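A.B. asks: I'd like to go over a predicted model; first the sequence, then the structure.
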Amino acid sequence: MKTAIEGGWVVAFGKEGHEVFQNGTVVYEYDRVVHAGSEFAGEVDARLDARGMLVSPGFINTHIHPVGNGGDYLLMDNIKNDYRTANYLSFSAPLKGKFAPPAPENMAALRLFVLLHALRHGSTTIIDVGGFPGEWETYARQIESVGLRVYAGPAFRDRNTFTDEQGRIYYEENAEAGRQGLEKAAAFIREFDGAADGLLRGIMLPAQVETCTEPLLRAAKEQAQKLDVPVHTHAGGNLLKFQRILQEYRKTPIAFLADIGFLDSRTLLGHAVFTTAHPWTLYPFGDDLRLLAESGATVGHCPYKYVKMAIILRSLEQYLQAGIPMAIGTDSYPMDMVSEMRWASMLAKVADGNYQAGRPRDVFNAATLGGCGFLARDELGRLAPGSKADIVMIRLEHMGTGAFRDPIKALVEYGAGRDVDTVIVNGKTLIEKGAAINLDEEKIYNEACRAVEGYWANVPNWHWAGQDVDSMIPPAFPIHEAAAANH
Ligand SMILES: [Zn+2]
């Protein structure tokens with residue numbers, strides 16, 4: 001069955017990259033695009049009206065934690081007083097033995113919400129960079145029911161993070177846990193790579209460069225090569241961790257990873273903000289950007305999460321000019337790739353004091369083609385004959401935008417994920433008129449909220465000073481429950 005999407009601004013992939021066709025046409029048959037660009041001469045079986053919309057390749061979101069970040073998404077502002085903005089340490093360094101992982105049904109509720117939330121805001125492929133492991137059968141079924149592409153695996157490490165009674169972070173080595181974690185990750189990939197009708201794919205996830213010893217990182221990369229899957233780790237995401245690696249190896253995290261052979265074209269690095277190029281590191285020795293570019297590793301840039309911590313990449317323009325493959329991820333909420341492109345674009349200008357930096361062209365490329373290299377998936381991130389029918393239709397012509405000549409600039413400068421009208425993955429329509437076709441959104445949302453309340457209620461049990469969420473992170477104004485909720 002051939003379906004034609006007609007009348008919109010079509011982003012088709014030409015010889016040199018993306019090109020835009022006003023009043024263009026995309027035709028797909030089953031899971032593949034058969035035509036993208038100007039008029040289509042052949043017969044079609046169905047037509048979709050895209051007037052007033054951008055018809056774009058689906059976005060590849062390179063940084064999502066579907067479960068681990070469950071509790072922190074509304075709490076991102078005030079929690080950075082400790083640990084020099086390492087927000088993950090605020091949540092992942094409990095008193096030893098006091099943290100119990102969320103119940104399986106709560107994890108499942110959050111995962112389902114996150115999958116749908118990301119899809120609805122334009123992501124057709126997401127990289128799940130780790131959280132609480134397990135429940136993979138359920139996860140595979142959820143991915144199938146939501147319908148987007150997910151790269152996932154059990155994250156592992158051989159250094160656990162804890163706080164003592166005075167709130168001081170310490171790392172505790174456990175080589176056996178690392179060895180078992182790696183084994184489980186390989187077993188997961190062997191069992192689940194290609195599950196959920198091919199939507200679920202494996203990725204090797206040594207959690208963070210400072211929570212994995214050198215032997216574990218080397219073994220993880222080796223195993224990823226053997227299994228022919230991509231590998232991800234968090235690196236240079238925080239000054240504290242940058243300093244830790246410097247102390248341990250007398251090298252920056254990037255130089256260390258380059259030296260142990262971890263970086264190549266199948267490697268995705270989360271953040272890579274603190275490098276020799278960032279002024280806060282006060283470390284002008286060597287050239288991390290050159291090392292990154294030479295290695296071919298992709299940097300997964302998450303500008304919104306970082307600017308909330310008063311941190312910006314220095315800078316998108318410099319990374320691009322150095323020749324580093326750049327991709328975009330959302331990390332925390334909202335998992336909205338359209339807004340994320342705007343943050344990437346605007347912050348690139350601020351970083352360099354250059355209003356010509358952060359071009360819409362560059363951030364759109366990062367959100368689409370940027371995710372394809374380390375995945376080794378040339379059929380994603382573009383609309384051309386033979387590419388996967390992963391298509392997003394975004395409303396552009398409405399009162400929220402205004403008059404425009406260039407739909408890509410309009411999208412980056414005025415758009416939002418909430419303007420996403422239709423999402424098609426593998427040739428299947430999943431979102432129509434901004435809502436899921438086959439899922440009960442209200443139920444999924446409510447169950448996720450209940451699961452997160454469970455996370456919050458658990459905080460005093462593991463927090464070093466026994467604080468609850470509201471005393472740890474006071475609300476903007478006092479919040480009172482004025483009347484008992486009537487549901
Ligand atoms: Zn992360």
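C.D. replies: Alright, I've got the coordinates.
A.B. asks: So residue 110: helix, strand or coil?
C.D. replies: Using DSSP: H, G, I helix; E, B strand; the rest coil, the structure places residue 110 in helix.
A.B. asks: What of the one 5 residues further on?
C.D. replies: Taking three-state DSSP as the rule, one finds residue 115 in the helix state.
A.B. asks: got a list of what it touches?
C.D. replies: Shown in contact with residue 115 (C-beta atoms under 8 Å, 6 or more residues apart in numbering): 66, 126, 142-143, 146, 148, 150. (C-beta placed from N, C-alpha, C; glycine too.)
A.B. asks: tell me which element residue 118 falls in.
C.D. replies: helix 104-120 (DSSP states H and E).
A.B. asks: Convert the C-alpha atoms of that helix to CSV, please.
C.D. replies: Extracted in CSV, the C-alpha atoms of helix 104-120 (Å, rounded to 0.1, in the frame of the first residue of the first chain):
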residue,chain,number,x,y,z
PRO,A,104,8.6,-2.9,38.7
GLU,A,105,5.1,-1.5,38.1
ASN,A,106,6.3,2.0,38.8
MET,A,107,9.2,1.6,36.4
ALA,A,108,6.9,0.2,33.8
ALA,A,109,4.5,3.2,34.2
LEU,A,110,7.3,5.7,33.8
ARG,A,111,8.9,3.9,30.8
LEU,A,112,5.6,3.9,29.0
PHE,A,113,5.0,7.5,29.7
VAL,A,114,8.5,8.5,28.5
LEU,A,115,8.2,6.5,25.3
LEU,A,116,5.0,8.2,24.4
HIS,A,117,6.1,11.6,25.6
ALA,A,118,9.2,11.5,23.4
LEU,A,119,7.3,10.2,20.4
ARG,A,120,4.6,12.7,20.6
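A.B. asks: How about that helix, which residues are buried there?
C.D. replies: By neighbour count on 16 or more other C-beta atoms under 10 Å, the buried set for helix 104-120 is 106-120.
A.B. asks: Tabulate the contacts of residue 115 in JSON lines, adding columns for secondary structure, neighbour count and distance to residue 281.
C.D. replies: Shown next, in JSON lines, are the contacts of residue 115 (DSSP: H, G, I helix; E, B strand; the rest coil; neighbours: other C-beta atoms under 10 Å; distance: C-beta to C-beta, whole Å):
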{"residue": "66", "secondary structure": "coil", "neighbour count": "26", "distance to residue 281": "31"}
{"residue": "126", "secondary structure": "strand", "neighbour count": "28", "distance to residue 281": "30"}
{"residue": "142", "secondary structure": "helix", "neighbour count": "22", "distance to residue 281": "40"}
{"residue": "143", "secondary structure": "helix", "neighbour count": "24", "distance to residue 281": "38"}
{"residue": "146", "secondary structure": "helix", "neighbour count": "27", "distance to residue 281": "40"}
{"residue": "148", "secondary structure": "coil", "neighbour count": "24", "distance to residue 281": "36"}
{"residue": "150", "secondary structure": "strand", "neighbour count": "25", "distance to residue 281": "34"}
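A.B. asks: from those, which is closest to residue 421?
C.D. replies: Proximity of the contacts of residue 115 to residue 421 (C-beta to C-beta) peaks at residue 148, which lies at 16.3 Å.
A.B. asks: Find the nearest non-adjacent residue to that closest one, please.
C.D. replies: Setting aside the residues directly before and after it, residue 148 is nearest to residue 119 in space (C-beta to C-beta, 6 or more residues apart in numbering), at 4.6 Å.
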